[in-house]
Structure formats: C-alpha cells, structure tokens
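S.K.: Sequence and predicted model, in that order:
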Amino acid sequence: MPIEIKSVGVLGGGVMGAGIAQALAVGGLKVAVRDISDELIEKARSTIVDGRYGLKRGVERGKTTQEQMDAAIANLSFTTNLDDLKDVDLMIEAVPEDLDLKKKVWAEADGVVQPQAVFATNTSGLVIGELNQAVSESRRPQFIGAHWFSPAPVMKLVELVHAPETAEETLQALESVCQRIGKASVRVKDAPGKYGFIANRVYFAAVREAQAVLAEGIASAEDINKAMVQGYNWPIGPLAMVEGARKGWQ
Ligand SMILES: NC(=O)c1ccc[n+]([C@@H]2O[C@H](COP(=O)([O-])OP(=O)(O)OC[C@H]3O[C@@H](n4cnc5c(N)ncnc54)[C@H](O)[C@@H]3O)[C@@H](O)[C@H]2O)c1
C-alpha cells in the first residue's frame, strides 16, 4: 500500500532545515518547522522569507511569482513544541551532525508522532542502521536517510539512504515527495565505514587527488582547476569548489 505524504514536520530550522522546509512548502506540502527557541524559530522564518536563497529573492529574480511565495508562506508554520508535529505524515530531521543528539531527537519524536509517519534523517554520513535504533522496532521500516544538498531550495539532488530494515514503500514515498517538488532522487545502501553516500564520496575522492597533485608540485591550483573544467566539462575545478565551500557557499 503506497504511503501518501501530505504534511511534513522538520526538526531543526538551521541552514538545511529552513531550506528543506522552503522547498517542500513551495512544492505544495504543508510544513511545520520545529526548533528549540523562539529566536531560532524566528531565524528559520527569516531565512526562508528574506534569506539569500529565500522566497523574496526568488520573486526578485523572477524564479517564483508573488502568488507562489504567498502560497508557500501559507503552507508553513513554526513552533518550539514537538506536540504540534504529532500528526505529520513525514518527519525530516536536520539537527546538528551528532549521533547522540540525533538519537535523542528521534527517540523523542518516536514517542510523540503518529505510528504510521515516515522518519527521514538529513545526516551527511551517519549510519542509518545505527540511527534507526533510536526508534521502536515497528517504526524501523519507515526510517530512512534523505540527504539534501545545500542550498536546499536550489540544489536538485536528494540521496535516499536505506538500511536493511527500510521498507520499499518508504523509499517510494520519499521518491514521490522528491518528484512532486521537482527534486531528483537516487537510492543508496547504508555503507558503514564509508563516508558520504554517493555524491560526496565520489566528489571528495576527486578533491583528495587534486590536493595530492598540488602537494606533489606537479601542477598549480589554477591549472588543476582548468584541467577539470576544460578537460571534463566540470562547471568548476575541484580546488576552487573546496575554496568556495570554505568561504561559505554551503
Ligand atoms: N550544511 C550543509 O551543507 C549540509 C548539507 C547536507 C546535510 N547536512 C546535514 O544536515 C544536518 C543539519 O545541518 P545544518 O547545517 O542545517 O545545521 P545547523 O546548525 O545550521 O542547524 C541545526 C538546527 O537544529 C536545531 N536543533 C538542535 N537541537 C534540536 C532539537 N532537539 N529539536 C529541533 N531542533 C534542534 C538547532 O537549534 C539549529 O537551528 C546535519 O546532520 C548536517 O550534517 C548539512
């Protein structure tokens, strides 16, 4: 039986949580964002409305209409109270990358949120089969990784990371959400001991080689970047990308 997702809760309204909430609200889903203080809730709201990748900028740049922005804002709500998210169909967690914190947050959600809800963590590299131990055994088939890329309102990819316990219906439910909001999804198995699912793992392997070529003195940073842009049609060289990320693209 397919799982239908109409409403979403987002735990953590930081860089990723706010961006994910925005992408879902623009895509027509009802989204409730939970953070831990009124100040943080206000920050999440202002990231979504006034931020660099926010709704107002989208209207200014002609990417979104005023009506789409108003509809997205009407789809959003903000709270510090987890109980307000108890009826969501899908819960997405985007709290800091700390195994113990994430487990605590999921255990708390498991006790509050309706039993049929799907749980998706935005972890960048923690093991899904370890995080899912925080929820009851009956919920584990509905537990999955959904790794978004930053900035979430702009980047198209969501990696769906499944543990052995994750049900096919759960993968399909997330695939259907991604399709509905115009994101591309890929499936990837949990791989304990490996970091970075598909895109980050492959990308950082290339970055490590680029750094090795530089350290060996074989070529300059400029020529390493140029080689990949001109030789492989990369939009940006690997070392330039790392430098950009360090300065705050992500
Ligand atoms: N930043 C990126 O480029 C990026 C990309 C992909 C995935 N991720 C992953 O997304 C997750 C979040 O990263 P981020 O960059 O958005 O972090 P962030 O620090 O910007 O945001 C985390 C938010 O979670 C809130 N929070 C903490 N405890 C909470 C709780 N109990 N309930 C609700 N909210 C709580 C914090 O107050 C904060 O607002 C991490 O797992 C990270 O690895 C990050």
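M.R.: Perfect, I can see it now.

S.K.: all contacts plus neighbour counts: C-alpha atoms, from now on.
M.R.: Noted.

S.K.: Report whether the lowest-mean-pLDDT helix or strand in the chain contacts the ligand.
M.R.: Least confident helix or strand, the chain: helix 238-246 with a mean of 89, by mean pLDDT, DSSP states H and E. No. Judged by Cα under 6 Å from any ligand atom, helix 238-246 stays clear of the ligand, getting no closer than 8.8 Å.

S.K.: packing partners for that helix?
M.R.: Helix 238-246 sits against helix 199-215, helix 221-232, with contacts defined as 3 or more Cα pairs under 8 Å, 6 or more residues apart in numbering; DSSP states H and E.

S.K.: a markdown table for those, including mean neighbour count, mean pLDDT and distance to the ligand?
M.R.: Formatted as a markdown table, the helices and strands packed on helix 238-246 follow (neighbours: other Cα atoms under 10 Å; pLDDT from 0 to 100; distance: least, Cα to the nearest ligand atom, whole Å):
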| stretch | mean neighbour count | mean pLDDT | distance to the ligand |
| --- | --- | --- | --- |
| helix 199-215 | 14 | 96 | 10 |
| helix 221-232 | 15 | 98 | 22 |
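
S.K.: Could you export those helices as a markdown table, including distance to residue 70?
M.R.: Converted to a markdown table, the helices and strands packed on helix 238-246 look like this (distance: least, Cα to Cα, whole Å):
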| stretch | distance to residue 70 |
| --- | --- |
| helix 199-215 | 34 |
| helix 221-232 | 40 |
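
S.K.: Skipping adjacent residues, who's closest to the most centrally placed residue in the chain in space?
M.R.: By Cα atoms, centre = their mean, the chain has its centre lying nearest to residue 148, at 2.9 Å. Leaving aside its sequence neighbours, residue 148 sits nearest to residue 158 (Cα to Cα, 6 or more residues apart in numbering; 4.6 Å).

S.K.: Now do the one you found against residue 236, distance only.
M.R.: Distance from residue 158 to residue 236, counting by Cα to Cα, to the nearest Å: 21 Å.

S.K.: which of those two has more neighbours?
M.R.: Legend: neighbour count by other Cα atoms under 10 Å for residue 158 and residue 236, higher for residue 158 (22 against 14).

S.K.: Would you confirm that the more buried one contacts residue 147?
M.R.: Yes. Under the criterion of Cα atoms under 8 Å, residue 158 makes contact with residue 147 at 5.3 Å.
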